[in-house]
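Novice: Below: sequence and its predicted model.
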Amino acid sequence: MNDDHVHPDGDLACIEEVELITDYLEGALPDRDRRRLERHLESCPGCTEYLEQMKMVAGSLGGLREEAIPPELRESLLASFRALRSDP
Amino acid sequence: MSSPGADQIDERLAARLRAGDERAFAALVDRHSHALLRVAMAYVPSRAVAEEVVQETWIAVMRGIGAFEGRSSLKTWIFRILTNVAMRGGSRERRSVPFAALAAAEDTGEPSVEPDRFLPADHELFPGHWVLMPARWPSPEEGLLAGETRAVIAAAVDELPAAQRTVIALRDIEGWSSEEVCAALEISAGNQRILLHRARTRVRAALEDYFGAVEAIDYDAVTAALIRDTERQDPT
């Protein structure tokens, strides 16, 4: 049930909340659902921690980025480029 | 990395590539090959075949750059070529499954957190609320990528199903926007979010297991406190 008018005080259960966290972080929740989720967060330390951990996961992965590709692959690509340029 | 200006840099490199500039080609290869390899890995069964797909993609880019009209970003155009190359199949062993189908096959509808970590839905006072809630991870200020946790995160990403791994890699490792990921993989925004959610959820769970960071809630104590509060407010 997502209808505030039907359940004006209806609290979101934690088991529902954890499924909505990425939609929330992506700004994809309708306003009413977002408000309901934020209201739940105000009184739920477990879900607040869950949200923080999902943010930490998302924010930390950039450190795994690698720039380099295998040098043989790079060399081979540049050789293909030269071959194609001289004999298109 | 998707920063303002990345597309403009690509456009300038594309113009130089059209004129046969090898350094522009090398720059484009360095900018995009790593992500191309990641996406290729979603379609084909091995790293070696993925490298072949990337190689064929760049050859198609060289041949086709004259026809690139800039209606999409260069990045989107290159990744569309990669998808076509990967899907074309051929004599080598390649999966010929569109990314959206791969994603659908992976979606088993699994819950984000084990249901037994919550109270049952028919609980009188707190239905569906945490029994074993997430506890704070140790020393987050050092960053999750310091020391051993880096290996835990890397292993968790490697073990993800292909579609989830590709989306989290492009979004969170390569730093692409959701629009760029949807365009390159030809999936809807909703599907992209589901894959991202499942992927981040599994990485979070791997870290939680590693830290052993869960905390039991004593509902007897919570209930007793509630009753005390109620009695205090209504002493009849």
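Specialist: Okay, I see it.

Novice: Against B:E69, how distant is B:Y43?
Specialist: 26 Å (Cβ to Cβ, to the nearest Å). In short, each C-beta sits where N, CA and C put it, glycine included.

Novice: Quick check: nearest residue in space to B:S188, chain neighbours excluded?
Specialist: With Cβ to Cβ, 6 or more residues apart in numbering or on different chains as the measure, B:C182 is the residue that lies nearest to B:S188, at 6.8 Å, once sequence neighbours are left out.

Novice: actually B:A24, sorry about that
Specialist: Leaving out its chain neighbours, the residue that sits closest to B:A24 by Cβ to Cβ, 6+ apart is B:R16, at 3.5 Å.

Novice: any idea whether the one you found is helix, strand or coil?
Specialist: Reduced to three states with DSSP: H, G, I helix; E, B strand; the rest coil, the structure at B:R16 is helix.

Novice: Tell me if the helix or strand of chain B with the lowest mean pLDDT is near chain A.
Specialist: Of all the helices and strands that make up chain B, the one with the lowest confidence by mean pLDDT, DSSP states H and E is helix B:219-233; it has a mean of 84. No. Using Cβ under 8 Å from any Cβ of the partner chain, we find that helix B:219-233 stays clear of chain A, coming within 11.9 Å at best.

Novice: Relative to chain A, how far out is the residue nearest to B:S188?
Specialist: In this structure, B:C182 and chain A are separated by 12 Å, where distance is defined by Cβ to the nearest Cβ, to the nearest Å.

Novice: burial count for B:E186?
Specialist: The criterion is other Cβ atoms under 10 Å in any protein chain shown. On that basis, B:E186 has 13 neighbouring residues.

Novice: er, B:C182 actually
Specialist: Burial of B:C182, expressed as a neighbour count using other Cβ under 10 Å, amounts to 19.

Novice: returning to that earlier point: so which strand or helix has the residue nearest to B:S188?
Specialist: Here B:C182 is covered by helix B:178-185, with elements defined by DSSP states H and E.

Novice: Identify each buried residue in that helix, please.
Specialist: Taking 16 or more other Cβ atoms under 10 Å in any protein chain shown as the neighbour-count basis, helix B:178-185 is seen to contain the buried residues B:178, B:180-185.
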